[in-house]
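Peer 1: Need coordinates for the following:
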Amino acid sequence: MKRAEHLKRAAKFAFVFFLAACTLFGDSPPADLENACSIVRQKPDWGRDLRRAERKWGVPVSVQMAIIWQESKFVARAKPPREYFFGIIPVGRVTSAYGYAQVIDGTWEEYRDANNRWIASRDDFGDATDFIGWYVDRSQRILGIRKSNVRDNYLAYHEGHAGYRRGNHRSKQWLIRVANDLVERERRYARQLRKCG
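Peer 2: Residues are numbered from 1 along each chain as shown. Below you'll find the predicted structure:
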């Protein structure tokens, strides 16, 4: 009898620990990142967040999703790779980029200040989609890039507005390829979203 009671307590503890771990470590990415409908079916809150940012900033859901796919593959606490001293001693990260949208510290602070969003977090999906909407909206105002133009919006996103204006991306063929590939992903997401509503 006591053994059964101990097993029951252990099972309850394991369940509580599992729930706490899920809360602490956040959402895992969706199973099928190639299908926009599957993503929003698996993560209905994300669908609401994406549509909210689209209504607020005018940035298509498919553009937001393509940028998040490229930046983090929908991983909440994504970080850039570490740098190593002598190839073995970790000394930090390449940049301070973090979260779904891979936003660097300074740009995130600028976003929070501009929008009075002091508790916004880069590993919160809704905050990440709002950030992308805000940034793309600024790209249109500052650089004249249409909000539906994922290629140039991604280049401005990656290089910053000043870097894009200077044409920094033109000397980075790998980045041009990434941005060009993102056009097809955004189109695929848009087609899929039209079908699933």
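Peer 1: Please point out which parts of stretch 155-175 sit buried.
Peer 2: Neighbour counts over stretch 155-175 (16 or more other CB atoms under 10 Å) mark Leu155, Ala156, Tyr157, His158, Glu159, His161, Tyr164, His169, Leu175 as buried. From N, CA and C alone the C-beta is placed, and that goes for glycine too.
Peer 1: And those, which is closest to Ile68?
Peer 2: Closest approach to Ile68 among those (CB to CB): Tyr157, at 11.0 Å.
Peer 1: Please identify which of the buried residues of stretch 155-175 is nearest to Ser139.
Peer 2: Looking across the buried residues of stretch 155-175 and measuring by CB to CB, the closest to Ser139 is Ala156, at 4.6 Å.
Peer 1: Provide the secondary structure category for that closest one.
Peer 2: Here Ala156 is helix, with the state taken from DSSP: H, G, I helix; E, B strand; the rest coil.
Peer 1: repeat for Pro30
Peer 2: Judged by three-state DSSP, the three-state class of Pro30 is coil.
Peer 1: for Arg117, same thing?
Peer 2: The three-state label given to Arg117 by three-state DSSP is coil.
Peer 1: what stretches of the chain score poorly on pLDDT?
Peer 2: 1-26, 79-95 (pLDDT under 70).
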